[in-house]
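# just to be clear, the model below is a prediction. Sequence and coordinates:
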Amino acid sequence: MEEQVKIKKKTSKGTKKPKSKFWFGYRIFVGVLALLFVVMCIAVWNTMKKYEAAQPEKYVEKVVQKIEDGNFEDVTYTSGADNKFEPNLDYKKEFESLVAGKELDFKISADSYDSLKPKYDILIGEEKVATVNLKSVKEYKKMAILVLSEWEVDSIEPVVKAGNYEIKVTLPMNYEAEINGVKLSEEELSGEAVVMEGFDYVKEYVEAPKTVTYVVKGLANVPELKVNGKVIEADKITVKDNKYSYVANYEAQEMPAELRDYVLNAAKKYSNYFSRDLEGCRESTAPIADIFPAGSYYIQMAEKYRQEDMWMYSAHSAPVFTNEKVSNYIVYSEDCFSVEVAFDKTMVLTLNGNERLDQNNQVYYYVKIDGKWLI
């Protein structure tokens, strides 16, 4: 019996329990899934990186970096032939000089509508200096839903080609002006000719002088201005935000001696009328009628003075004229000029023997009527 027990125990000790195959298979399945998930994540990650890198903004970044590095091979320039004031302008040099050493930025252009041909503005601060035109040369899908594009530069158009400067010149109608050696013409006229200020009374007798205004836009460089062949210095020109403006005035000329004597004597004659030193002045304005147009406003004023105030002028000796000066002779047309006449008029009062000094300094405007110069 003891032997049987031993045999049974031996038999019990040598028997093995079979292991389950399910958990083994489950572990393999989970491992494969994890491996596939990792592979898929890596694939998605790489695809997203490619998609991000394929965005046009990324391509424009590289384009802008090339320009900052001084590589202008993709920049396209237009000829200056359409601008007669800068026919030989080197737009390439102008643009390269504009962006040299500058930090550039970019943004999508307001007029960029085609997703396969996007446009971007290159900026220096807020100033637009160029437009980058891209084009898609190849499209392909990734993961069935993402479309990737390969890009090329279609063109880079510098803003400098349009020009950043403009100039407005106002000058007498019979004057000539030049911009960069090119005469201004009707093409540059802005608005109608305008009667000069202060000539409203003159235009009742003759054609009053007028001014005209010329405007030139789209200049890439600071313009050089000449008026009647003379270069206008920079300090005479007003500048604001790259806009230049200049107003030319009539220049004084040398006055013919005969005409000089005439205007000086006319001014003295007019002065003597008011001081009662002109024969016949107490009876009428006839003594000065020959130096004014018929019906002149100034004759009317002289008549009113004669009737109301002339009697109050103190009695005195014959006047003596000194320090006579005729200057600023300005010719506006064949029928109109102005001149400044100055003199000192000294008189001795009859009542007390005191000396009286009248100083005259007036600008007279003359018009030619029936061949005669009249005030």
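Yes, it's here.
# can you show me the helices along the stretch 201-350 of the chain?
Using DSSP state H, counting those that start in this stretch, the helices of the stretch 201-350 of the chain run over 257-274, 297-308.
# can I get those in JSON lines with mean neighbour count?
Every residue, glycine included, has its C-beta placed from N, CA and C. Converted to JSON lines, those look like this (neighbours: other Cβ atoms under 10 Å):
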{"stretch": "helix 257-274", "mean neighbour count": "17"}
{"stretch": "helix 297-308", "mean neighbour count": "14"}
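# of those helices, which is nearest residue 35?
Nearest of the helices of the stretch 201-350 of the chain to residue 35, taken as Cβ to Cβ: helix 297-308 at 108.7 Å.
# residue 316 contacts residue 346, doesn't it?
No. Using Cβ atoms under 8 Å, residue 316 makes no contact with residue 346, being 9.6 Å away.
# now do the shared contacts for those two.
Jointly contacting residue 316 and residue 346 under the rule Cβ atoms under 8 Å, 6 or more residues apart in numbering are residue 356.
# what residue lies at the spatial centre of the chain?
When Cα atoms, centre = their mean is applied to the chain, the residue found nearest the centroid is residue 243 (2.4 Å).
# neighbours around the nearest residue to that one once chain neighbours are set aside, how many?
Excluding its sequence neighbours, the residue lying closest to residue 243 (Cβ to Cβ, 6 or more residues apart in numbering) is residue 166, at 5.4 Å. By other Cβ atoms under 10 Å, 16 other residues sit near residue 166.
# ok, back up a step: give me the beta-bridge partners of the residue nearest to the centre of the chain?
Judged by DSSP bridges, the bridge partners of residue 243 are residue 166, residue 240.
# now do the contacts for it.
165-168.
# for residue 234, give me its contacts.
Listed by Cβ under 8 Å, 6+ apart, residue 234 has no contact partners.
# again with residue 298
Residue 298 touches 292, 375, counting by Cβ under 8 Å, 6+ apart.
# surely the residue nearest to residue 243 meets residue 220?
No. Taking contacts as Cβ under 8 Å, residue 166 lies outside contact range of residue 220: 11.1 Å.
# ok so residue 174 is a helix residue?
No. Read with DSSP: H, G, I helix; E, B strand; the rest coil, residue 174 is coil and lies in no helix.
# which one is it nearest to, not counting chain neighbours?
In space, residue 174 comes closest to residue 333 once its chain neighbours are excluded; the distance is 7.1 Å by Cβ to Cβ, 6+ apart.
# tally of neighbours for that neighbour?
Residues near residue 333, counting by other Cβ under 10 Å, number 16.
# among the helices of the stretch 201-350 of the chain, show the one with the smallest mean pLDDT.
Mean pLDDT per stretch puts helix 297-308 lowest among the helices of the stretch 201-350 of the chain, at a mean of 89.
# in CSV, list the C-alpha atoms belonging to that helix.
Written as CSV, here are the backbone C-alpha positions of helix 297-308 (Å, rounded to 0.1, in the frame of the first residue of the first chain):
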residue,chain,number,x,y,z
TYR,A,297,-12.2,154.4,-59.7
TYR,A,298,-9.2,156.4,-58.6
ILE,A,299,-10.5,159.5,-60.5
GLN,A,300,-13.7,159.1,-58.6
MET,A,301,-11.8,159.0,-55.3
ALA,A,302,-9.8,162.0,-56.3
GLU,A,303,-13.0,163.9,-57.1
LYS,A,304,-14.5,163.1,-53.8
TYR,A,305,-11.3,164.2,-52.0
ARG,A,306,-11.4,167.5,-54.0
GLN,A,307,-14.9,168.3,-53.0
GLU,A,308,-14.7,167.2,-49.3
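# can you list the low-confidence ranges for the stretch 1-150 of the chain?
Scanning the stretch 1-150 of the chain for pLDDT under 70 picks out 1-20, 39, 41-54, 77-82, 138-149.
# which residues of it fall in helices?
2-13, 22-53, 56-68, 91-99.
# list of residues touching stretch 181-195?
Outside stretch 181-195, the residues that reach it (Cβ under 8 Å, 6+ apart) are 84-85, 168-169, 173, 176-178, 203, 208-216, 224, 226.
# check which residues of it are buried.
Neighbour counts using 16 or more other Cβ atoms under 10 Å place 182, 184, 188 of stretch 181-195 among the buried residues.
# could I get the contacting residues of residue 214?
Residue 214 neighbours (Cβ under 8 Å, 6+ apart): 168-171, 177, 184, 188-190.
# out of those residues, name the ones that lie in strands.
Judged by DSSP state E, strands contain the following of the contacts of residue 214: 168-171, 177.
# need the pLDDT of the spatially closest residue to residue 334 that is not a sequence neighbour.
With sequence-adjacent residues excluded and distances taken as Cβ to Cβ, 6+ apart, residue 334 is closest to residue 368, at 7.2 Å. With respect to pLDDT, residue 368 scores 95.
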